[in-house]
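structure for this input, please:
(one chain, ligands or ions: 2)
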Amino acid sequence: MDKKQLRKRQIQKLNENKHQVVIESQQLLEKLKKTPEWQKATSIATTISGPFEVATTPIIKAAQAVGKKVYLPKTMPKRQLAFIHFTSAEDLVESNFGIPEPVYDAGLVNQEPDLVIVPGLAFATDGNYRVGFGGGYYDRFLADYQGKTVALVPSVMQFEKADWPVFDHDIKIDRLILV
Ligand SMILES: Nc1nc2c(c(=O)[nH]1)N(C=O)[C@@H](CNc1ccc(C(=O)N[C@@H](CCC(=O)O)C(=O)O)cc1)CN2
Ligand SMILES: Nc1ncnc2c1ncn2[C@@H]1O[C@H](COP(=O)(O)OP(=O)(O)OP(=O)(O)O)[C@@H](O)[C@H]1O
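Ligands and ions are numbered 1, 2, ... in the order given. Take a look at the predicted model:
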């Protein structure tokens, strides 16, 4: 199946299984907290989740509760991401994509947080490959990023093998956290 078709199917499947994704998000956060990547990180990057993505508000709260700095992506020209230090939801502005984003501030950028929690729609457990929304934002960012990456994978997003074409620019995730 091509990636475009897969995205469409996954968005539909995720919408139909929102409740399960919510329940599994809690289990995935508990597993995330037990990983060395989380425990060692003093700075983490995540997103503001959309309606059918793994819920990230609990992740942000858990990080802040133990004094980790949280960074959120701002989409930039040329499909770049800038990770901006997050302190308050009041500072976020809705993007064209419908997701609240931080406002760009050069003084708050950190392109090398210790841990990046990578969002996606589908993940293959054999090669740790992912399919995202198709902007190529994370693949471009991860091409230069040196730190650790994890992804939280509810059962609806989990595939045994990539039944989609994998390209050279597709970056493997260091650790998939499964339910
Ligand atoms: N919660 C969350 N935030 C996130 C991401 C994500 O996956 N989840 N992103 C992960 O990357 C980035 C935003 N991703 C985007 C992906 C695609 C387009 C985009 O340009 N879409 C096309 C229409 C889709 C299509 O290609 O058919 C458009 O608006 O023209 C915009 C942002 C950063 N923030
Ligand atoms: N490192 C890169 N350099 C240049 N172009 C890239 C790079 N990575 C991805 N792209 C381009 O971005 C587009 C989207 O890539 P892909 O289909 O892999 O998206 P995705 O991984 O699902 O999306 P995202 O990373 O935004 O969640 C493709 O046209 C691809 O060629």
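
residue in the chain nearest to ligand 2?
Nearest residue of the chain to ligand 2 (Cβ to the nearest ligand atom) works out as Gly132 at 1.8 Å. No exception for glycine: its C-beta is placed from N, CA and C like everyone else's.

that residue and Tyr138 touch, don't they?
Yes: Gly132 is within contact range of Tyr138, at 5.7 Å (criterion: Cβ atoms under 8 Å).

which of these two has more residues huddled nearby?
The residue with more neighbours, out of Gly132 and Tyr138, is Tyr138; 25 against 18, by other Cβ atoms under 10 Å.

now do the buried residues in the helix or strand harbouring that one.
Using DSSP states H and E, Tyr138 falls within helix 137-144. The neighbour-count check on helix 137-144 (16 or more other Cβ atoms under 10 Å) flags Tyr137, Tyr138, Asp139, Arg140, Phe141, Leu142 as buried.

so after the longest helix belonging to the chain, what's the next helix or strand?
The longest helix of the chain (DSSP state H) is helix 18-33. Where DSSP H and E defines the elements, the next helix or strand beyond helix 18-33 is helix 36-40.

in this structure, which residue sits nearest ligand 1?
Residue nearest to ligand 1 within the chain (Cβ to the nearest ligand atom): Gly135, separated by 2.9 Å.

need the residues of this protein near ligand 2, please.
3, 131-140, 143, 169-170 (Cβ under 6 Å from any ligand atom).

dump the residue contacts of Ala62.
Counting by Cβ atoms under 8 Å, 6 or more residues apart in numbering, Ala62 makes contact with Leu29, Lys33.

tell me if I am right that it is in a strand.
No: under DSSP: H, G, I helix; E, B strand; the rest coil, Ala62 sits outside any strand and is assigned helix.

for Met157, see how far away it is.
Ala62 sits 21 Å away from Met157, going by Cβ to Cβ, to the nearest Å.
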